[in-house]
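Engineer: coords please:
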Amino acid sequence: MTIPTTDSAAFAGAQRELERQLDERLAVLEELSPFALPSIDPVAFQTAASHRAAVEQITAALNRIAEGTYGRCTRCGEQIAPARLEVLPSAAACIECQSHADAA
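Structural biologist: Numbering: from 1, shown residues only. Model prediction:
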């Protein structure tokens, strides 16, 4: 039986995973913050930037869950493949739209 993508209960597991990832990323950012300056530690600076970008993507995905739009591509509006969401719960685009964006 297929669960509709607009069913918020269907994404409870994804929400828990996203919240776990968010907590993990925020903890790393807190740990890196004293060193994350290009003049002090360029590697920590780049690592922190990567974690901040992931936090933005995770937060956006949590907002889509709250709005009831999670699981729909933000570009074309089609359903994102459940397997893609399982691997990358913060995915905002379907594979086709993401491929086009990456190629541009």
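
Engineer: okay, CA-based contacts and neighbour counts for the rest of this
Structural biologist: Will do.

Engineer: my read: Leu22 touches Val55, true?
Structural biologist: Yes - counting by CA atoms under 8 Å, Leu22 touches Val55, with 6.1 Å between them.

Engineer: pLDDT weak spots in this structure?
Structural biologist: 1-10 (pLDDT under 70).

Engineer: residue boundaries of the strands in it?
Structural biologist: Taking DSSP state E as the test, none of the chain falls into strands.

Engineer: just give me the residue closest to the centre of it.
Structural biologist: By CA atoms, centre = their mean, the mean C-alpha position of the chain lies nearest to Ser90, the distance being 2.6 Å.

Engineer: what's that one in contact with, if anything?
Structural biologist: Contacts for Ser90 (CA atoms under 8 Å, 6 or more residues apart in numbering) come out as 18, 57-58, 60-61.

Engineer: mind checking how far the residue nearest to Tyr70 when sequence neighbours are not counted is from Asp23?
Structural biologist: Leaving aside its chain neighbours, Tyr70 sits nearest to Arg64 (4.7 Å; criterion: CA to CA, 6 or more residues apart in numbering). Counting by CA to CA, to the nearest Å, the gap from Arg64 to Asp23 is 18 Å.
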